[in-house]
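Undergrad: With the sequence up front, the predicted model follows.
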Amino acid sequence: MTKKIKDLSPQEVLALAISVERSNRQALDNYAHMFDGYDTEVAQRFRVLAEEESKHEQLLRKKAQELFGGNLPSVDGFDVQEVVEALDMDDSEHLIFDSLKARKVYELALQAEKKAQDFYREAGRHTTNKALATLFAELGGMEDDHAGWLQAQLNKEKNSEDKHA
Amino acid sequence: MPENINPVNPPVAPRPTSGPLAPPPPVEGWRIDLLATFPWLKWLVKQRWFQFALILPNLFLFLVFLVAGIWGTPVGNRNILIVFVWIFWWFLLISVLVPFMSRIWCTMCPFPFFGEWLQRGSLLTPKLARPNSNDKKVGLNRYFGLNLRWPKALSNIWLQNIGFLGLCTFSAFYLTRPIVSVVVLGSLIVIATVLHLIFRQRAFCNYVCPVSGFLSLYSMSSMTEVRSKDADTCLKCHDKSCLVGGERGWGCPWFNYPSKMERNNYCGLCTECIKTCPHDNMTIRLRPFATDTKLKGYDEAWKAFIMLSLALAYSVIYLGPWGFFKDVANFTESGKGLSYFIAYAVCLWSLPMLVIPAIYSAFHWVARRAAGGTAKPWKESFLTMAYPLVPLGLLAWIAFSLPLIFINGSYILVTMSDPFGWGWDLFHTAHTAWSPVVPDWMPAIQVAILALGLVLVLKSVFKQAGKLYEDQKAKIRFAIPMAGLMTLIVLVFVRLYVN
């Protein structure tokens, strides 16, 4: 029986957040495998994003250590009703037409991070548990950082394109 | 409401309205989850041997046909190769398999069998790439051969378009001469095998096979689809096994990302995604006719022009009362000169590549002018309005193919008993007289099919126009010329068949 995220304990929320980052890393690695031999930049970007997700997971584990001494229950994305954060391709036929552009990869990642921000903020607004609200705020803040990093990458790219133009 | 008709993928939490995390576009019409309705079917498609069990008898028959083509009688209507492939198979494919079961033919097609076997190094069991090895891999699976990616410049269906037109140019040769059919079909097996050893997965099927090209287009109209059951489950899944493969199955051989699939075009119904999904989230559904409505490129639009034009041309050549055209198409037998054949080939190629697209473009231009206001970009509008040609073309082909089986069906009984034309009588039907079935009714049946097509197509024209124009009046002004064009096309077919 799946729960709503607002009904989870703070430990469970953190365990879920860690699991989501790990799950995203695996998904991104899988995309990278598939684009090997296609546009190398696309495959490379999926790898960079997978590494980023891995770093996020480490940060969250550190947080779990600080807050709960590292003891977390086992919760993953399938235990809750909502989708917290997931980078997904926007077209099932990218590999057929070789149509995925490197820039699009970061754009998709940015959308996923923004979705996660909104998700944690929304969850924070709907919980009466103060500890949980604080945790949601912190997790939302982390997603802000991730989204900021992606936005900076995209801006850098745009500036470089403008210069070349 | 019948059982197992489910609203598809209801979102459980607020979701963005655009981008990959947005809920899937609303699904039009009803759906019946066939795997939920028929558990035996689910069991069947989950078996690793499922596809092999379909291919094997087909492969055996195919080899028999090739033998018949080489050593059997050279008389076309007495040779099982000609009768079964070009009458029975064609009719079955275009009139039954494609409209009702999408690309089920691709599930059982023998052409890529040897190539895929060599490429996978396995008939049934999926192989995993060994970690830190030099294994050639796609996703998580190991493959043999060069495993190169298909060139980007050819990642479309133009090759298939040209290949199909090329084949059709010489149709009179292989439709009447078994040995020419052997060369054509045998070449396809050889090309498929070689390409499987050079390029990864089903590059041959996706980009080269001339049959696959029109199956891709017309599968959009089919009443069967493979889709994910719940979009959120796919979003949460990190295995992405449908894409990268794994222990349970191969990653999608057709380069699709099955969990996000929204149209049938490049789904070969191999059912690997149903086998590999760790969440049991892929299924086969029944749906209304002509549900997928998005053409993505000019290559697909031209495929629609080609198919429609060929239905028209074949109706003139093979069903019409003008023997002259048949003689020109079959010039070596009829004694017509090569120059006639060249002129015929030029006309056959010009019709779908230039004439029909030019007429379509002219109507499209008029429609945009008539609508006024701010129009969507030309390409978007061109492709959106080319879609109605897909169900129209399919129904035109069905109308063309009906006489093949109704008029010439008795040859099937004859060649079943005497496949090589050697005087056998295996089922005591070798001496069945040529007996056309309801020949007098044929034009009426053909017209009824075309009328049904016209109704569907006119509905589709207005629906497609609605995607381009929000303003109701502009939409109608835009749709009228396009509807006029579709009506005109149907009237040309009706005139041909009634004559």
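TA: Perfect, I can see it now.

Undergrad: And the pLDDT at residue 6?
TA: You didn't say which chain, so I picked chain A. Looking at A:Lys6, its pLDDT reads 80.

Undergrad: try again with chain B
TA: pLDDT, read off for B:Asn6, is 43.

Undergrad: now the helices for chain A?
TA: Counting by DSSP state H, chain A has helices at residues A:10-35, A:40-68, A:94-97, A:102-125, A:130-164.

Undergrad: Same question for the stretch 1-150 of chain B.
TA: For the stretch 1-150 of chain B, the helices defined by DSSP state H, counting those that start in this stretch occupy B:34-37, B:39-46, B:50-71, B:80, B:90-92, B:98-101, B:104-108, B:113-120.

Undergrad: what residues does chain A put near chain B?
TA: A:22-27, A:30-31, A:33-34, A:37-38, A:77-78, A:81-83, A:86-98, A:108, A:111-112, A:115, A:119, A:122 (CB under 8 Å from any CB of the partner chain). To be clear about C-beta, it is placed using only N, CA and C from the backbone, and glycine gets the same treatment.

Undergrad: let's see 6 Å
TA: The interface of chain A toward chain B, taken as CB under 6 Å from any CB of the partner chain, is made up of A:23, A:26-27, A:30, A:33-34, A:37-38, A:77-78, A:81-83, A:86, A:88-90, A:92, A:95-98, A:108, A:111, A:115.

Undergrad: ok, so what distance separates B:Pro443 from B:Leu395?
TA: 15 Å (CB to CB, to the nearest Å).

Undergrad: follow-up on the earlier one: looking at the helices of the stretch 1-150 of chain B, which is nearest to B:Leu195?
TA: helix B:113-120 (6.7 Å; CB to CB).

Undergrad: show me the contacts for the residue lying closest to A:Arg25 once chain neighbours are set aside.
TA: Closest residue to A:Arg25 apart from its sequence neighbours, by CB to CB, 6 or more residues apart in numbering or on different chains: A:Glu53 at 3.9 Å. Applying CB atoms under 6 Å, 6 or more residues apart in numbering or on different chains to A:Glu53 gives the contacts A:Glu21, A:Asn24, A:Arg25.

Undergrad: What's the separation between A:Glu53 and B:Val316?
TA: 61 Å.

Undergrad: Check B:Gln47 and give its pLDDT.
TA: pLDDT, read off for B:Gln47, is 98.

Undergrad: now B:Ser334, nearest residue through space, not along the chain?
TA: B:Asp327 (3.6 Å).

Undergrad: and what of A:Lys63?
TA: Nearest residue to A:Lys63 in three dimensions, chain neighbours excluded: A:Leu14, at 6.6 Å (CB to CB, 6+ apart).

Undergrad: Surely that neighbour and A:Ala64 touch.
TA: Yes: taking CB atoms under 6 Å as the definition, A:Leu14 is a contact partner of A:Ala64 at 5.1 Å.

Undergrad: who has more neighbours, these two?
TA: Neighbour count, other CB atoms under 10 Å in any protein chain shown: between A:Leu14 and A:Ala64, A:Leu14 has more, with 24 against 19.

Undergrad: Which pLDDT does the model give that one?
TA: 89.

Undergrad: could you measure it against chain B, distance?
TA: To chain B, A:Leu14 is 18 Å away according to CB to the nearest CB, to the nearest Å.

Undergrad: relative to helix A:40-68, how tilted is the least confident helix or strand in chain A by mean pLDDT?
TA: None of the helices or strands of chain A scores lower by mean pLDDT, DSSP states H and E than helix A:130-164, at a mean of 86. Orientation check (axes from the mean of the first three to the mean of the last three CA atoms, to 10 degrees): helix A:130-164 against helix A:40-68 gives 160 degrees.
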